[in-house]
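S.K.: structure for the following, please:
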Amino acid sequence: MSINKKAHAAVIVANVLYGANFSIAKIAMPAFIKPSGFILLRAFFASIMFVFLCKYLKVKDEVSRKDMPKMALLGLFGVALNQLLFFGGLSRTSNINAALIMTSNPILVLVVAALIIKEAITGRRIWGILCGVTGAAGLILLSHRSASGASLVGDTMIFINAISYAIYMVMVKPLMKIYSPWILIKYTFLFGTLMVIPFSYREVMEIQWSTFTAPVWWSFIYVIIGTTFLAYFLNIYGLRHLSPAVVSFYIYLQPICATIISLTILSEPVSMIQIAACLLIFLGVYLVSSPGANWRTQS
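M.R.: Numbering: from 1, shown residues only. Here you go, the predicted structure:
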């Protein structure tokens, strides 16, 4: 298999892992592990794995002192706020809603890029932003009235999480020209872990490990290794060999995978509001997906 095909396969697997996470994480959360506690465990173990990965790959760890505050901000927006809000929201809303809202990330990245680094926004992209925001806002404000398991608070947390990850993507782009992606991920998780501790350590201490059933253990292992370490690793591998535009295209696998699992395993129904929101968000992403805006990827 060529390197190009391996890169495509890696990105596909990463997004399938993310898509399945919407349902699998709920096996353990919140009944056995509360959301914030799960994030601390996730960030802690990921930090250890990425530290060892950097040592194994013999990556030079020479980060300038002036860039350390930037690394801390990556930890804040890429791990602390991002993951705390994601798991907090996922525990309060439906899997399908969460997956659909996350697909608005490319649109949010474009908006954040325009505000922070003055990325140009054309008329076509403005229409895309309006479509995407309308779809996401409609989903958040209306679907909790008809969709099983959906909630206004949960959907809002997922949306703010997507904004946080968009900020992370805008901030990490220039740093990838200076440092190895493995170094950036390592420091993102190290700083993120430190920031999560004050909000999460009590929930970790409350975990009754002896009550875990086999499915709960598998859910825990999947989140720690699958959607944290392996998915990040595969995405970075894909970005090294494919354009960001190609990598970002595969984000559409997430709601498809999440919906299939929710329908077949959890019997979570799909509402007309969710379908309409999906069409608006996908149309919005299509309209903003022109050269210059396509370097964004997912959460």
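S.K.: contacting residues around stretch 24-43?
M.R.: Under the criterion C-beta atoms under 8 Å, 6 or more residues apart in numbering, residues 79, 83-84, 87-88, 90-91, 95, 189, 192-193, 196-197, 199-204, 206-208, 211-212, 215-216, 218-220, 222-224, 227-228, 261 lie in contact with stretch 24-43. C-betas here are computed from N, CA, C, even on glycine.
S.K.: in contact with residue 255, which residues?
M.R.: Residue 255 makes contact with 19, 96, 99-100, 102-103, 278, according to C-beta under 8 Å, 6+ apart.
S.K.: mind jotting down where the helices sit in the stretch 151-299 of the chain?
M.R.: Assigned by DSSP state H, counting those that start in this stretch, the helices in the stretch 151-299 of the chain fall at 152-175, 181-205, 214-221, 231-241, 244-249, 253-264, 272-288.
S.K.: Serialize the ones you listed to a markdown table and add fields for distance to residue 59 and mean pLDDT.
M.R.: As requested, the helices of the stretch 151-299 of the chain are arranged in a markdown table below (distance: least, C-beta to C-beta, whole Å; pLDDT from 0 to 100):
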| stretch | distance to residue 59 | mean pLDDT |
| --- | --- | --- |
| helix 152-175 | 14 | 85 |
| helix 181-205 | 5 | 93 |
| helix 214-221 | 26 | 95 |
| helix 231-241 | 12 | 79 |
| helix 244-249 | 21 | 60 |
| helix 253-264 | 29 | 72 |
| helix 272-288 | 33 | 69 |
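S.K.: compare those helices and give me the one nearest residue 12.
M.R.: Using C-beta to C-beta as the measure, helix 253-264 is the one of those that comes nearest residue 12, at 6.8 Å.
S.K.: identify each buried residue in the closest one, please.
M.R.: Counting neighbours by 16 or more other C-beta atoms under 10 Å, one finds that the buried residues in helix 253-264 are 253-255, 257-259, 261-262.
S.K.: ok, back up a step: quick check on the contacts of stretch 24-43: which are buried?
M.R.: When these are checked for burial by 16+ other C-beta under 10 Å, the buried set is 79, 83-84, 87-88, 90-91, 95, 189, 192-193, 196, 200, 203-204, 207, 212, 216, 219-220, 222-224, 227-228, 261.
S.K.: show the average pLDDT along the strand or helix carrying residue 47.
M.R.: Here residue 47 sits within helix 35-57, counting by DSSP states H and E. Computed over helix 35-57, the mean pLDDT rounds to 93.
S.K.: list the buried residues for it?
M.R.: Going by neighbour count (16+ other C-beta under 10 Å), the buried part of helix 35-57 is 35-47, 49-50, 53-54.
S.K.: mind checking how far it is from the chain centre?
M.R.: Using C-alpha atoms, centre = their mean, to the nearest Å, we find the averaged C-alpha position of helix 35-57 to lie 16 Å away from the chain's own average C-alpha position.
S.K.: and stretch 80-91, by the same measure?
M.R.: Averaging C-alpha coordinates over stretch 80-91 and over its chain gives two centres that are 9 Å apart (C-alpha atoms, centre = their mean).
S.K.: mind listing residues that contact it?
M.R.: Stretch 80-91 is touched from outside by 22, 25-26, 29-30, 35-36, 38-39, 42-43, 98, 153-158, 160-161, 164-165, 168, 192, 195-196, 199-200, 299, with contacts defined as C-beta under 8 Å, 6+ apart.
S.K.: same thing but 7 Å
M.R.: Residues lying outside stretch 80-91 but in contact with it, judged by C-beta atoms under 7 Å, 6 or more residues apart in numbering, are 22, 25-26, 29-30, 35-36, 38-39, 42-43, 98, 154-155, 157-158, 160-161, 164-165, 168, 192, 195-196, 199, 299.
S.K.: with only the CA atoms kept, save that stretch in CSV.
M.R.: Included here for stretch 80-91 are C-alpha records, laid out as CSV according to Å, rounded to 0.1, in the frame of the first residue of the first chain:
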residue,chain,number,x,y,z
ALA,A,80,-9.1,21.7,29.0
LEU,A,81,-12.1,23.8,27.7
ASN,A,82,-12.5,21.6,24.6
GLN,A,83,-12.8,18.2,26.3
LEU,A,84,-14.5,19.4,29.5
LEU,A,85,-17.3,21.0,27.5
PHE,A,86,-17.5,18.1,25.1
PHE,A,87,-17.9,15.3,27.6
GLY,A,88,-20.1,17.6,29.8
GLY,A,89,-22.3,18.3,26.8
LEU,A,90,-22.3,14.7,25.6
SER,A,91,-23.6,13.5,29.0
